[in-house]
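Asker: sequence? don't have it. structure:
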């Protein structure tokens, strides 16, 4: 067992109230040297301690602009990597639990993407015909891959603008790791479904024929978010039988059929803003992570807004749930003592190429 694992054991028995008291005390001691970032999907017991809340890119940019020496990201590993890439050299990016990963990001690793690029070269000239696009929910080395190959990063907010730029550079796009965001965005751009093929990284040539690859405009990686994959069109139909006035809003990581049945589709920020700005006494069925949906329900119930989680099965981001008050207290109290634990540091060569891909995204985003 590692030294960190042994050390955290002494915190595991803390109840949430004790952990909260120690978090507050440590925050006060660290002052402006510390900024805590809380992703929208984070559990409430941790989210309440965030100095900034939002999606991963917004949070990283806010942290970089702060005076803080320590950036503690209550999210998942790739988010802390983005914070490290975008932060100043004097800032340190930290995640309270290194086991807080992202199953979607894990579905696309550098070895598989590089192999796909080589296999595509058997059919096309990838560096002349394909723009690689990685969703921000990916490892730093994949952002670097896109930087090296004339590619770009996207978020769920700016995916359409990024794809428009990508097609202006080359005729095709390789989109990873989330097939659903790629398909849902491509369809809004009038790309036919038959011109969006899925690359199965477990199969030779992605399980595709050379003809399918030549005819495709978008090559979608066979990846998905385990939370948003849970949502099904039948859940919408069943709910609307009981409450026909319901408005449906979904995240674009949801399956195509769900997004087609939704009245609104957009990022976590878009979902929050749409429900916030809606008329009082409206009912909403929401296809995104449970902690965010519960927070929206509590936040807007005084306006008579009924906010419901789409799936009848409880499903939250289990890896992000690993960040708990006990891990946060342990992290902060170590910082008070001058000890940095769980630092997330991206290799400088990857950071440089990743920044290039991120900068391209920022330049083309509204």
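Answerer: Received it, and whenever you're ready, just let me know what you need. In this text, all values refer to a predicted model and were calculated from it rather than measured experimentally. Residues are numbered from 1 along each chain as shown.
Asker: residue 225 versus the spatially most central residue of the chain, what's the distance?
Answerer: In the chain, the centroid-proximal residue (Cα atoms, centre = their mean) is residue 137; its distance is 4.3 Å. Residue 137 is 8 Å from residue 225, where distance means Cβ to Cβ, to the nearest Å. From N, CA and C alone the C-beta is placed, and that goes for glycine too.
Asker: what residues sit buried inside the helix or strand where residue 292 lies?
Answerer: Using DSSP states H and E, residue 292 sits in helix 290-300. Buried residues in helix 290-300, counted by 16 or more other Cβ atoms under 10 Å: 290, 291, 292, 293, 295, 296, 297, 300.
Asker: with stretch 18-33 instead?
Answerer: Quick answer for stretch 18-33 (16+ other Cβ under 10 Å): 19, 20, 22, 23, 26, 27, 30.
Asker: find the least confident helix or strand in the protein, judged by mean pLDDT.
Answerer: helix 3-12 (a mean of 72; mean pLDDT, DSSP states H and E).
Asker: now tell me what touches the helix or strand just after that one from outside.
Answerer: Proceeding N to C from helix 3-12, the next assigned helix or strand is helix 16-30, under DSSP H and E. Contact partners of helix 16-30, identified using Cβ atoms under 8 Å, 6 or more residues apart in numbering, comprise 11, 14, 34, 36, 45, 49, 70, 324-326, 328-329, 332-333, 335-336.
Asker: what residues are up against residue 183?
Answerer: Per Cβ under 8 Å, 6+ apart, neighbours of residue 183: 193, 196, 218, 220, 256.
Asker: out of those, who's the most crowded?
Answerer: Among the contacts of residue 183, residue 218 has the most neighbours (other Cβ atoms under 10 Å), with 26 neighbours.
Asker: circling back: let's have the contacts of residue 183 in a markdown table, adding secondary structure, distance to residue 7 and pLDDT.
Answerer: Output for the contacts of residue 183, formatted as a markdown table (DSSP: H, G, I helix; E, B strand; the rest coil; distance: Cβ to Cβ, whole Å; pLDDT from 0 to 100):
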| residue | secondary structure | distance to residue 7 | pLDDT |
| --- | --- | --- | --- |
| 193 | helix | 51 | 98 |
| 196 | strand | 48 | 98 |
| 218 | strand | 47 | 98 |
| 220 | strand | 42 | 98 |
| 256 | helix | 46 | 98 |
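Asker: what two of those residues are the furthest from one another?
Answerer: Using Cβ to Cβ, the contacts of residue 183 reach their maximum pairwise distance at 218 and 256, which is 12.8 Å.
Asker: show the pLDDT at residue 265.
Answerer: Note on residue 265: pLDDT of 98.
Asker: that one contacts residue 253, doesn't it?
Answerer: No: between residue 265 and residue 253 there is no contact under Cβ atoms under 8 Å: 10.1 Å.
Asker: more crowded one of these two?
Answerer: residue 253 (27 against 21).
Asker: apart from its chain neighbours, what residue comes closest to the more buried one?
Answerer: Excluding its sequence neighbours, the residue lying closest to residue 253 (Cβ to Cβ, 6 or more residues apart in numbering) is residue 228, at 3.9 Å.
Asker: same check, this time on residue 70
Answerer: residue 34 is the one closest to residue 70 (Cβ to Cβ, 6+ apart), at 4.9 Å.
Asker: tell me the contacts of the one you found?
Answerer: Taking Cβ under 8 Å, 6+ apart as the definition, contacts of residue 34 comprise 27, 68, 69, 70, 72, 332, 335.
Asker: and what of residue 355?
Answerer: Taking Cβ under 8 Å, 6+ apart, we find residue 355 in contact with 85, 86, 147.
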